[in-house]
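Engineer: what would the 3D arrangement of this be:
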Amino acid sequence: PRHLMDRPMRPMEFGLFRKIVAECATAGVTEIALNGYGEIFTLRGDSYREYIGYVRRVAPQIHLIVNTNGFAMDEEAARYLVEAGVHTVHTDIDGATPETFERIRVHLKLDRVEANLRCLVAIRDAMGKTRPSVRVGMIAMDENRSEVPLFLEKWRGRVDYVGVDGLMNRMPGAPWAGGNDH
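Structural biologist: Numbers count the residues shown, from 1 in each chain. All right, here's what the predicted structure looks like:
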């Protein structure tokens, strides 16, 4: 959990990022997911372009995934993801109603996240592209479990993949809570 980390929360230094991507390309890594303890669209200005662009230039064969909460992925960012050939954009939306989503994802607004995802799909489709594949998920937990049917109804047919999974704890010795993809 982020709040228990004792290291500074900041973007990976770009020199280290370049080194890791180059090593991945040489080692034959097939997939890179840009996320971790951060959100790529919170980088200053449009610095996300530098990171994504570097992967596309140095390792164009690598399947590039962007995990985002969708909140800061505006129209400009969405267009860039399509133009850069990102393979997959994944967003977890942990509620079908604003009340539930905003209680779980504090400081985010459901209407904005949903609008940004619809914008990404519209831009991709208008450009005649098949990428990025847009995946939307919900982590089912006590707070939102009753909204799973509404969530699935809301997103099926509007994005490329909709799934529901169980809450997971990455702490040592804690079991996975399970879940099912839909």
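Engineer: okay, now the unreliable bits of this protein?
Structural biologist: Within the chain, the segments meeting pLDDT under 70 span 1-3, 36-38, 167-182.
Engineer: ranges for the helices of it?
Structural biologist: Ranges of helices in the chain, per DSSP state H, are 14-27, 48-58, 75-84, 98-104, 110-126, 148-155.
Engineer: next, format those helices as CSV and append mean neighbour count and distance to Asn67.
Structural biologist: All C-beta spots, glycine's among them, are computed from the backbone N, C-alpha and C. Shown next, in CSV, are the helices of the chain (neighbours: other CB atoms under 10 Å; distance: least, CB to CB, whole Å):
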stretch, mean neighbour count, distance to Asn67
helix 14-27, 13, 16
helix 48-58, 16, 12
helix 75-84, 18, 12
helix 98-104, 16, 17
helix 110-126, 17, 13
helix 148-155, 16, 17
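Engineer: out of these, which comes closest to Ile139?
Structural biologist: Closest to Ile139 of those, according to CB to CB: helix 98-104, at 8.5 Å.
Engineer: helices or strands up against that closest one?
Structural biologist: The contact analysis (3 or more CB pairs under 8 Å, 6 or more residues apart in numbering; DSSP states H and E) places helix 98-104 against helix 110-126.
Engineer: now do the helix it packs on: everything it contacts.
Structural biologist: 69-71, 73-75, 78-79, 81-82, 89, 91, 93, 95, 97-98, 101-102, 130-132, 134, 136, 158-159 (CB atoms under 8 Å, 6 or more residues apart in numbering).
Engineer: thanks a lot, catch you later.
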